[in-house]
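> just need the structure, nothing else, for what follows:
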Amino acid sequence: MACNHQRSEQIADFSAGHLRGDLVDNLLDHLDGCEPCSQEFDLAADLATLGAPVAELRPVATPDPVRRRPLLRMVLPAAAAAALLLTIVGRGSDPPVSSLASLEALHYPTSVLRGGDDDLRRAAMERYQAGDFERAAAELGALAQENDQDALAHFYGGLALLQLDRMTDAQTALTAAVAASEGLLRERALWYLANTELALEQGQRAQTTLERLIGLDGEYVLDARAKLDALRPLLDDSPE
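Coordinates of the predicted model:
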């Protein structure tokens, strides 16, 4: 689909986070005026959603009204996200801290994070999986209120609140999930808490949370390091 084989390879390398330096600049310049390559770039991002978490790329106007650049809203493969954000910053644009937030819904992995088998929890999680986030948030919130050590209720209640764009409430629930959880669930709670803080433009708090996550040296360590590398250049302009 790309205009030539070399461009196709560059797009694949960028999606995998392997393209560096002037090659990234050159590719982004080329995408501005080449519809076949732009379509292949979008397809590469869509296909990546079948594997690691991937960003939705949305073009936004730069100071030069004739030129446009893709800006991250969610998350590319981590190395590519960091490379693209650093490229954008280097070109003089000023993306907000919230552009780094990754707030996609997480499917309920019962085989990994198995909680109680009570009917109330099962019903709430069925609503969550079905996308009924309003009822899921209410029911999981009630479970968490009954037991402030119910880490799963805090966590998935927080994720449901994220999908409802109730960021401050989600931050409260995810903070409680971090305090009540351990192992993989704590890592996931920290990851979503950091991204909620980014969405709220709380750059310094997100930095602290990401550093805490990196210190666990677990499943999210590489993604957290890449996000922190992309965040640091933006912190001076981040309101708290």
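> put the alpha carbons of the host helix or strand of residue 225 into PDB.
According to DSSP states H and E, residue 225 maps onto helix 221-231. Extracted in PDB, the C-alpha atoms of helix 221-231 (Å, rounded to 0.1, in the frame of the first residue of the first chain):
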ATOM      1  CA  VAL A 221       8.400  -1.600  33.700                       C
ATOM      2  CA  LEU A 222       9.300  -0.900  30.000                       C
ATOM      3  CA  ASP A 223       6.000   0.900  29.200                       C
ATOM      4  CA  ALA A 224       6.400   3.000  32.400                       C
ATOM      5  CA  ARG A 225      10.000   3.900  31.500                       C
ATOM      6  CA  ALA A 226       9.000   4.900  28.000                       C
ATOM      7  CA  LYS A 227       6.000   7.000  29.200                       C
ATOM      8  CA  LEU A 228       8.300   8.700  31.800                       C
ATOM      9  CA  ASP A 229      10.800   9.500  29.200                       C
ATOM     10  CA  ALA A 230       8.100  11.200  27.100                       C
ATOM     11  CA  LEU A 231       6.700  13.000  30.200                       C
END
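> so which elements touch that helix?
helix 78-90, helix 183-199, helix 203-216 (3 or more C-beta pairs under 8 Å, 6 or more residues apart in numbering; DSSP states H and E). Using the backbone N, CA and C atoms, a C-beta is placed for each residue, glycine as well.
> make a markdown table out of those and add mean pLDDT and distance to residue 136.
Putting these into a markdown table (pLDDT from 0 to 100; distance: least, C-beta to C-beta, whole Å) gives the following:
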| stretch | mean pLDDT | distance to residue 136 |
| --- | --- | --- |
| helix 78-90 | 48 | 28 |
| helix 183-199 | 92 | 15 |
| helix 203-216 | 95 | 24 |
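> what are the buried residues along the host helix or strand of residue 122?
Assigned by DSSP H and E, residue 122 falls within helix 119-129. For helix 119-129, the neighbour count (16 or more other C-beta atoms under 10 Å) marks 121, 124, 125, 127, 128 as buried.
> coming back round to it: any idea which of the helices and strands packed on helix 221-231 is most buried?
Ranked by average neighbour count under the criterion mean count of other C-beta atoms under 10 Å, the helices and strands packed on helix 221-231 are headed by helix 183-199 at a mean of 23.
> against which helices or strands is that one packed?
By 3+ C-beta pairs under 8 Å, 6+ apart, helix 183-199 packs against helix 151-163, helix 167-180, helix 203-216, helix 221-231.
> residue 225 and residue 128, how far apart?
To residue 128, residue 225 is 29 Å away according to C-beta to C-beta, to the nearest Å.
> apologies, that question was intended for residue 228.
29 Å.
> correct me if wrong: residue 141 contacts residue 173.
Yes - assessed by C-beta atoms under 8 Å, residue 141 is found in contact with residue 173 at 7.3 Å.
> more neighbours: which of those two?
residue 173 (27 against 19; other C-beta atoms under 10 Å).
> surely that one meets residue 158?
Yes - contact criterion C-beta under 8 Å: residue 173 and residue 158 qualify, at 3.4 Å.
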